[in-house]
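# The following comprises the amino acid sequence and a computationally predicted model.
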Amino acid sequence: MIQFNVSLLFTIINLIVFYLLLKKFLFKPVMGIMEKREKMIADGLKNASDSQEEAARLKAEYEKALEGAKAESIQIVEKAKKTAAGESERILQEANTEAVGILKDARKTIENERKQTMNDLQSEIAGLAMQAARKIVDDTKGNQDIYDQFLKGAGDAHVNEEVK
């Protein structure tokens with residue numbers, strides 16, 4: 001059996017005092033440090049979670065802005081294409097109108113030059129005919145009436161051409 005003597009009593013008292021000292025100077029500070037550390041870790045996890053949520057929100061905003069920018073750029077490109085097509089069509093119409101005007105002017109010029117050439121040729125033919133008639137008349141002085149009729153016919157033909 002166990003003997004109860006004074007040394008056992010001192011050993012028990014020493015253990016109780018040692019426990020109280022350990023509790024006062026070791027366990028409480030260590031427990032306080034552990035609680036602070038636990039709180040610090042919980043706060044860190046909460047901050048990380050908040051930061052992650054903020055990053056996700058910012059990412060969603062960025063993606064939304066990026067989609068808007070893409071849609072706007074597509075819209076700008078389409079508008080530029082339509083404007084370019086309209087401008088191209090307008091330039092082609094102007095060129096066609098100008099070409100038609102140039103062709104009309106060229107045709108008028110050609111027609112005027114043709115008429116002028118015809119008039120010149122008729123005048124020259126009339127002159128040649130008059131010279132030929134003069135030679136004939138000079139040769140045959142008696143054909144004065146033929147000469148007058150010819151001149152009258154040539155003059156009428158010349159006047160009719162100018163009227164046209």
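Okay, I see it. Numbers count the residues shown, from 1 in each chain.
# Residue ranges in this protein under the pLDDT threshold?
Along the chain, segments meeting pLDDT under 70 span 1-4, 137-147, 154-164.
# longest helix in it, by residue count?
helix 28-139 (DSSP state H).
# Against which helices or strands is that helix packed?
helix 144-163 (3 or more Cβ pairs under 8 Å, 6 or more residues apart in numbering; DSSP states H and E). (C-beta placed from N, C-alpha, C; glycine too.)
# Determine the number of other residues adjacent to residue 150.
18 (other Cβ atoms under 10 Å).
# For it, which residues are in contact?
By Cβ atoms under 8 Å, 6 or more residues apart in numbering, the contact list for residue 150 reads 129, 133.
# I'd like to know how far the residue nearest in space to the middle of the chain sits from residue 86.
Centroid-nearest residue in the chain, with Cα atoms, centre = their mean: residue 80, separated by 3.2 Å. According to Cβ to Cβ, to the nearest Å, residue 80 stands 11 Å off from residue 86.
# same check, this time on residue 72
Distance from residue 72 to residue 86, by Cβ to Cβ: 21 Å.
# and if you look at residue 63?
Distance from residue 63 to residue 86, by Cβ to Cβ: 35 Å.
# One more: residue 23?
91 Å.
# Residue 58 now?
Residue 58 is 42 Å from residue 86, by Cβ to Cβ.
# again, but for residue 132
68 Å.
# swap in residue 135?
73 Å.
# do the same with residue 52
51 Å.
# follow-up on the earlier one: chain center to the longest helix of the chain: distance?
When distances are taken as Cα atoms, centre = their mean, to the nearest Å, helix 28-139 is centred 6 Å away from the chain's centroid.
# Ok, stretch 22-36 next?
With Cα atoms, centre = their mean, you get 73 Å for stretch 22-36.
# Output that stretch as CSV, nothing but the C-alphas.
Coordinates of each C-alpha in stretch 22-36 appear next as CSV, following Å, rounded to 0.1, in the frame of the first residue of the first chain:
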residue,chain,number,x,y,z
LEU,A,22,2.7,26.9,-15.1
LYS,A,23,-0.9,27.9,-15.5
LYS,A,24,-0.2,31.5,-14.6
PHE,A,25,3.1,32.0,-16.6
LEU,A,26,3.0,29.5,-19.3
PHE,A,27,-0.5,28.3,-20.2
LYS,A,28,-2.3,31.7,-20.1
PRO,A,29,0.3,33.5,-22.3
VAL,A,30,0.5,30.5,-24.7
MET,A,31,-3.3,30.3,-24.9
GLY,A,32,-3.5,34.0,-25.5
ILE,A,33,-1.0,33.8,-28.3
MET,A,34,-2.9,30.8,-29.7
GLU,A,35,-6.2,32.7,-29.6
LYS,A,36,-4.6,35.8,-31.3
